[in-house]
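Peer 1: Based on what follows, work out the 3D shape:
(one chain, ligands or ions: 1)
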Amino acid sequence: MWKRKHPTVLVAGAGPIGMTAAISLLRQGIDFEIVDKASGPCKHSKACMLSPETMEFLNDLGILDQVLAKSIRLHAVQLFDGGSRLANLSLGELPSPFPFIASIPQMDLEEILLECIEQSGKKIRWNHRIASVQRLQEGLCIEVDRIGKHMMGYAVMHEEKLVDATLQYFPKVLLAADGFHSLIRRLEKIEYEQVGEDFGSVLFEVRRNPREDHVLKLGFSNEGCSAYVPLPHGVGRFGFTSTYVEEFSADRDKSHPIYDEDLEKFPELSESHFNHMVEQRLPSQLGKIKEITWRASVPFGVRLSESIWNQGIFFLGDAARSGFPIGAKSLNLGLPEAGAVVTALTSYLETGDDTELVNVADDIRMEWEDLSSLVYFASDRFTQSKDNGVDPNIILQASPLTGKDLEYVANRLSQVMRIDFLVTN
Ligand SMILES: Cc1cc2nc3c(=O)[nH]c(=O)nc-3n(C[C@H](O)[C@H](O)[C@H](O)COP(=O)(O)OP(=O)(O)OC[C@H]3O[C@@H](n4cnc5c(N)ncnc54)[C@H](O)[C@@H]3O)c2cc1C
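Peer 2: The predicted structure is shown next:
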């Protein structure tokens with residue numbers, strides 16, 4: 001059974017970037033539909049730090065108050081080189097009305113975005129999976145499968161996901177926010193270019209003493225970067241990068257179980273390995289850790305889509321480029337970009353001239369290329385600069401700052417360290 005639909009814009013993927021694009025479309029009064037193959041928002045902390053520039057954008061979007069109500073504010077970044085403290089960067093002087101980092105689990109941010117969409121009377125179509133993309137003479141035709149759960153079996157009853165119906169969408173524009181493994185990008189045969197080293201990231205969420213902490217701790221050693229992010233309600237998140245990279249699989253998507261407590265396959269998730277890494281890489285006083293509440297091993301690749309805007313399809317968020325998890329850069333660049341794309345879309349829909357969209361796509365590409373040229377984690381380079389301390393480029397990539405705030409910190413670091421690259425807007 002085919003159902004034909006003609007929204008002006010179809011948003012594919014309701015992760016943080018797709019939902020932010022949806023809210024921007026609501027604000028601009030552009031008619032749209034949004035679909036996601038998962039059954040609801042993500043369930044983990046994932047990218048959990050918002051930069052001052054992201055907060056400025058969320059303020060313009062009218063949702064910063066809700067976000068800050070569920071965040072804690074980090075006022076400083078402490079830098080560690082192996083066992084010793086390198087520096088303390090106070091964020092209070094950043095050139096922003098919000099001179100701090102907001103720490104909020106990604107699941108809470110997604111709940112706020114979802115609530116905002118639903119309050120406007122719009123519904124996200126969960127359990128709707130993009131199946132195909134065709135370019136017809138009259139424009140795009142996107143097939144979307146509606147997935148239902150059905151009880152199956154005779155001897156043993158079990159639940160299976162089956163396609164209930166297929167919907168056909170004929171939008172003027174498709175915003176592809178379907179994540180790192182973007183099916184739309186693959187159907188369009190667009191390369192996802194590698195623009196930096198692949199690496200593994202091991203994440204541990206822990207429950208701590210109730211003592212509130214407002215300092216982000218970043219550690220640098222030959223094994224990689226490490227971060228300790230205090231989260232609301234006495235929870236904290238450790239992230240450790242390593243050169244060990246598992247296979248990139250579909251399990252990276254939130255709709256699949258992540259390698260939770262799969263200790264035989266991932267011994268680096270064991271408690272003894274966790275204790276070892278804290279001791280080696282972030283040995284500062286973190287208070288008593290009561291319990292590890294979530295752990296995951298995630299492969300990351302620094303990637304950039306060969307094409308970002310191409311005849312009716314705009315790639316957004318992790319579908320367009322991905323990497324640098326310690327600094328939550330993908331999220332912090334992706335949220336404001338979603339807004340910029342929708343603003344540019346307005347003039348395209350009115351006039352048919354896509355110059356502004358081309359410019360936004362170029363900006364996204366250039367900013368990511370600038371960031372990628374700061375070496376994120378390359379052990380040989382790190383060893384070379386070891387005598388003079390940590391390579392400042394690595395510090396810039398690991399800090400959850402973007403644009404003018406990153407430039408400000410780069411300038412401060414340049415007073416004490418050698419800097420090869422500066423990122424500018
Ligand atoms: C376990 C884990 C930990 C992470 N930790 C960090 C971290 O510490 N720091 C950091 O910066 N980043 C981290 N990330 C990455 C971060 O979550 C992403 O950068 C961010 O979510 C990007 O948002 P997005 O909306 O572009 O993509 P996503 O959040 O991936 O959303 C894409 C959406 O598209 C949907 N989708 C996919 N295919 C289809 C289809 N065919 N049809 C319909 N819908 C589809 C998915 O269900 C999903 O909801 C982590 C990711 C994972 C998985």
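Peer 1: from here on, contacts and neighbour counts on C-alpha atoms
Peer 2: OK.
Peer 1: ok, how many other residues are close to residue 411?
Peer 2: Using other CA atoms under 10 Å, the number of residues around residue 411 comes to 14.
Peer 1: low-confidence ranges in the stretch 251-400 of the chain?
Peer 2: Counting by pLDDT under 70, the stretch 251-400 of the chain has low-confidence residues at 251-262, 284-287, 375-389.
Peer 1: make it 50
Peer 2: Residue ranges of the stretch 251-400 of the chain with pLDDT under 50: 251-257, 378-387.
Peer 1: And the residue of it closest to the ligand?
Peer 2: Residue nearest to the ligand within the stretch 251-400 of the chain (CA to the nearest ligand atom): residue 328, separated by 2.9 Å.
Peer 1: for the ligand, what are the nearby residues on the protein?
Peer 2: Neighbours of the ligand within the chain, by CA under 6 Å from any ligand atom: 12-18, 35-38, 46-47, 128-130, 177-180, 182-183, 252-255, 298, 317-319, 325-326, 328-331.
Peer 1: are any of the residues you listed buried, and which?
Peer 2: 12-18, 35-38, 46-47, 128-130, 177-180, 182-183, 252, 254, 298, 317-319, 325-326, 328-331 (16 or more other CA atoms under 10 Å).
Peer 1: Any idea how many residues pack against the residue lying closest to residue 330 once chain neighbours are set aside?
Peer 2: Sequence neighbours aside, residue 322 is the residue nearest to residue 330 in space, at 5.6 Å (criterion: CA to CA, 6 or more residues apart in numbering). Neighbour count for residue 322, taken as other CA under 10 Å: 25.
Peer 1: who are the neighbours in contact with residue 322?
Peer 2: By CA atoms under 8 Å, 6 or more residues apart in numbering, the contact list for residue 322 reads 180, 300, 301, 302, 303, 304, 330.
Peer 1: In contact with the first one, which residues?
Peer 2: When contacts are counted by CA under 8 Å, 6+ apart, residue 180 is found next to 318, 319, 320, 321, 322.
Peer 1: before we move on, the earlier item: Throw together a ChimeraX command that grabs the buried residues out of the contacts of residue 322.
Peer 2: Here is the ChimeraX selection string for the buried members of the contacts of residue 322, based on 16+ other CA under 10 Å:
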select :180,300,301,302,303,304,330
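Peer 1: Which ones among the contacts of residue 322 map onto helices?
Peer 2: residue 330 (DSSP state H).
Peer 1: Residue 119: which of the contacts of residue 322 is nearest?
Peer 2: Proximity of the contacts of residue 322 to residue 119 (CA to CA) peaks at residue 330, which lies at 26.9 Å.
Peer 1: is it true that that closest one touches residue 321?
Peer 2: Yes: judged on CA atoms under 8 Å, residue 330 makes contact with residue 321 at a distance of 7.3 Å.
Peer 1: coming back round to it: ok, the residue nearest to residue 330 to residue 270 distance?
Peer 2: Distance, residue 322 to residue 270, by CA to CA, to the nearest Å: 27 Å.
Peer 1: what do you get for residue 132?
Peer 2: With CA to CA as the criterion, residue 132 and residue 270 are 41 Å apart.
Peer 1: Could you work out the end-to-end span of stretch 294-306 for me?
Peer 2: End-to-end for stretch 294-306, by CA to CA: 35 Å.
Peer 1: and if you look at stretch 56-74?
Peer 2: Terminal residues of stretch 56-74 are spaced 16 Å apart (CA to CA).
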